[in-house]
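[1] sequence first, predicted model second:
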Amino acid sequence: MTLRICVAQLNFVVGDLAGNAQKIIEAAHSAHAAGARLLLTPELSICGYAAEDLFLRPSFIDACDDAVKTVARELAGLKDMTVVVGHPTSVDQAGLRTRSVSVPNRLNAASVLCEGRVVARYAKRELPNYQVFDERRYFVPGQDVCVFEAGPSGARVKVGLLICEDAWFEAPARLTREAGAELLAVINASPFHVGKGLEREQMMRQRAQACGLPLVYAHLVGGQDEVVFEGHSFAVNADGSLAGRAPSFEENLFDILVNTAPGAIDLIANVAPERSADADLWDALVLGVRDYVGKNGFPGAIIGLSGGIDSALVLAIAVDALGAERVRTVMMPSPYTADISWIDARDMAARLGVRYDEISIVPEFEAFKASLADEFRGLPEDATEENIQARIRGTLLMALSNKSGRIVLTTGNKSEMATGYCTLYGDMAGGFAVIKDLAKTTVFRLAYWRNAHDPHGSGASPIPERIITRPPSAELRPDQKDQDSLPAYDVLDAIVERYMENDEGIEAIVAQGYARADVEKVTRLIKINEYKRRQAPVGIRVTHRSFGKDWRYPITNRFRA
């Protein structure tokens with residue numbers, strides 16, 4: 001006897017309840033026609049993940065309940081078809097027990113639909129409240145177990161339902177098995193960071209082994225503001241062996257055959273190959289840009305192209321995400337711009353086939369200096385004049401953005417954001433920070449990776465070699481180099497990772513062999529530049545701790561370790 005399960009690894013839009021419901025309906029019809037009798041959709045598939053404070057609006061919860069009813073009604077004619085839909089709902093509407101008082105009065109829930117009816121409901125028991133997660137702000141934990149039957153007559157399987165974090169704890173799976181489950185279905189919306197996919201696989205293998213049940217993991221795909229979901233749905237057998245894996249970073253109706261025999265259930269599915277960390281990283285950035293631009297309705301993007309490595313990498317990502325016709329570049333030379341900068345910028349724009357324009361900022365810079373001459377008389381030039389140049393560029397880019405509707409993609413990296421090596425209202429001006437969570441050393445590595453891996457099949461390297469190999473410079477004063485102001489990037493990035501991402505203390509970092517002067521300088525810069533980061537555009541999260549929802553430090557703060 002066999003049951004075919006389909007995982008609807010789909011890209012939903014937060015708040016597009018009608019569009020999301022239609023996607024689920026179409027997936028269910030396709031899966032049913034292909035022989036599937038159980039369709040799993042991701043966590044909160046009706047509303048998208050995460051809807052944040054929309055969850056606090058009663059009208060939003062009511063609209064989500066109505067959307068679930070629409071899905072049930074539209075699928076009423078699919079014989080023997082069971083569909084699991086994730087959605088928020090109120091405690092009163094769900095009729096489920098909770099483990100705390102009903103404030104907030106909402107659940108992260110899933111409904112089991114069959115032939116037009118809601119045959120079962122489940123509320124998430126374990127609510128994550130770390131890293132980017134804020135679920136205890138919006139939901140109360142459920143208490144009930146959910147086991148339902150799915151499949152045609154003669155091949156029905158008792159399926160235990162869990163939602164995301166539930167499967168990382170022993171009790172929910174054990175209680176579900178004790179309630180009669182023969183197979184675990186885990187619906188998820190777990191944000192990507194490098195290495196997270198294989199970490200999930202390993203944890204679910206352990207969960208399957210511990211409870212002695214096969215497990216199907218249905219995951220979301222797509223970008224939502226600063227987070228990306230990579231898909232990578234999978235299935236494991238009761239012994240922990242991998243039975244199948246869906247592709248990453250793309251929508252997919254992932255089919256799994258469930259072979260049932262007395263005392264045993266085996267899962268069979270296609271296995272997408274494992275991917276390198278840099279391949280995942282590249283696709284996460286591309287998907288993040290594509291969905292932020294597309295879901296927010298921007299016609300395209302504008303990038304200030306400097307001839308340096310950061311803007312070059314952002315341009316390559318943008319073209320892979322949007323296509324050359326939707327990307328415009330502008331080179332804005334200053335009195336300190338080296339010839340090789342505009343030569344390399346022209347070269348890269350030509351390689352990628354994007355529109356390229358040059359607008360000199362020299363006249364504006366001279367006008368600013370003339371206007372401020374009386375105020376600055378007798379004072380030496382310093383970072384003030386450097387920042388004026390960056391702000392002129394930011395103003396020009398935003399003017400072009402206003403006229404065209406295209407969004408400005410900023411080009412600052414994590415090393416710069418950490419240390420404040422960036423200019424408010426200058427190079428920080430824009431709508432979306434593509435490489436905000438990439439350390440400078442990762443920027444270099446990823447540039448080499450992209451030159452060696454061409455998804456378009458042209459065989460051409462998009463980033464000129466000299467852009468990668470020349471010493472980084474903001475080119476805001478004569479002969480300027482980044483390392484004049486900062487430690488070497490391999491040292492800087494290691495300190496940022498240890499202090500900011502891993503919460504290591506100053507003494508512990510020094511004990512690892514880093515110079516105390518470097519450690520104290522970098523950690524001091526991180527502390528005093530919080531006010532800048534609060535004003536930076538949202539950007540794509542690709543590490544386990546980014547400057548965004550993961551990092552919430554007070555700006556006004558006198559604590560020193």
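    The structure has been received and is ready for your questions. Because the structure is predicted, anything quoted here is derived from the model rather than measured. Numbers count the residues shown, from 1 in each chain.
[2] CA only for contacts and neighbour counts going forward, please
    Will do.
[3] the bottom helix or strand of the chain by mean pLDDT?
    Lowest on mean pLDDT, DSSP states H and E among the helices and strands of the chain sits helix 91-94, with a mean of 78.
[4] pull the residues that contact that helix.
    97-98, 102, 105-107, 121 (C-alpha atoms under 8 Å, 6 or more residues apart in numbering).
[5] now whatever helix or strand comes next after it: average pLDDT?
    Downstream of helix 91-94, the next assigned helix or strand under DSSP states H and E is strand 106-114. The average pLDDT within strand 106-114 is 96.
[6] buried ones in the helix or strand following strand 106-114, by neighbour count?
    Scanning forward in sequence from strand 106-114 by DSSP H and E, the next helix or strand is strand 117-123. Using 16 or more other C-alpha atoms under 10 Å as the test for burial, strand 117-123 gives 117-118, 120-123.
[7] buried residues of the least confident helix or strand of the chain, list them for me.
    91, 94.
[8] please apply the same query to stretch 512-527.
    Neighbour count says stretch 512-527 has 514, 518-520, 522-523, 525-527 buried, by 16+ other C-alpha under 10 Å.
[9] all helices of the stretch 401-550 of the chain, in order?
    For the stretch 401-550 of the chain, applying DSSP state H, counting those that start in this stretch gives helices covering 414-419, 440-452, 465-469, 489-496, 506-511, 516-528, 530-533.
[10] looking at those helices, which is closest to Ser306?
    helix 465-469 (9.9 Å; C-alpha to C-alpha).
[11] returning to what we had before: which of the contacts of helix 91-94 are buried, as a PyMOL select command?
    Only the buried entries of the contacts of helix 91-94 go into this PyMOL selection, using 16+ other C-alpha under 10 Å:
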select buried, resi 97+98+102+105+106+107+121
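[12] okay, the contacts of helix 91-94 in TSV with distance to Ala370 next?
    As requested, the contacts of helix 91-94 are exported to TSV (distance: C-alpha to C-alpha, whole Å):
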residue	distance to Ala370
Arg97	71
Thr98	68
Ser102	64
Asn105	61
Arg106	60
Leu107	61
Arg121	70
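[13] now for the contacts of helix 91-94: which two are most distant?
    Ser102 and Arg121 (17.4 Å).
[14] how many neighbours does the nearest residue to Leu525 once chain neighbours are set aside have?
    Distances taken as C-alpha to C-alpha, 6 or more residues apart in numbering put Thr419 closest to Leu525, at 4.8 Å, once the chain neighbours are dropped. When neighbours are counted by other C-alpha atoms under 10 Å, Thr419 registers 23.
[15] for Thr419, give me its contacts.
    522, 525-526, 529.
[16] just those residues now: which is nearest Arg326?
    Among the contacts of Thr419, and counting by C-alpha to C-alpha, the member closest to Arg326 is Asn529, at 33.8 Å.
[17] tell me where the stretch 251-400 of the chain has strands.
    For the stretch 251-400 of the chain, applying DSSP state E, counting those that start in this stretch gives strands covering 252-261, 264-268, 301-304, 327-331, 355-358.
[18] repeat that for the stretch 1-150 of the chain.
    Using DSSP E, counting those that start in this stretch, strands in the stretch 1-150 of the chain cover 2-9, 38-40, 82-90, 106-114, 117-123, 147-150.
[19] for Ala383, see how far away the residue nearest to Leu525 is.
    15 Å (C-alpha to C-alpha, to the nearest Å).
[20] also Arg245?
    Using C-alpha to C-alpha, Arg245 is found at 52 Å from Ala383.
[21] more neighbours, those two?
    Arg245 (24 against 12).
[22] what pairs with that one across the strands?
    In this entry, Arg245 is beta-bridged to Phe234, Val271, by DSSP bridges.
[23] isn't it right up against Leu267?
    No: the pair Arg245 / Leu267 is not scored as a contact, 11.4 Å apart, by C-alpha atoms under 8 Å.
[24] quickly list what's touching both of those two.
    Common neighbours of Arg245 and Leu267, counting by C-alpha under 8 Å, 6+ apart, are Ala235.
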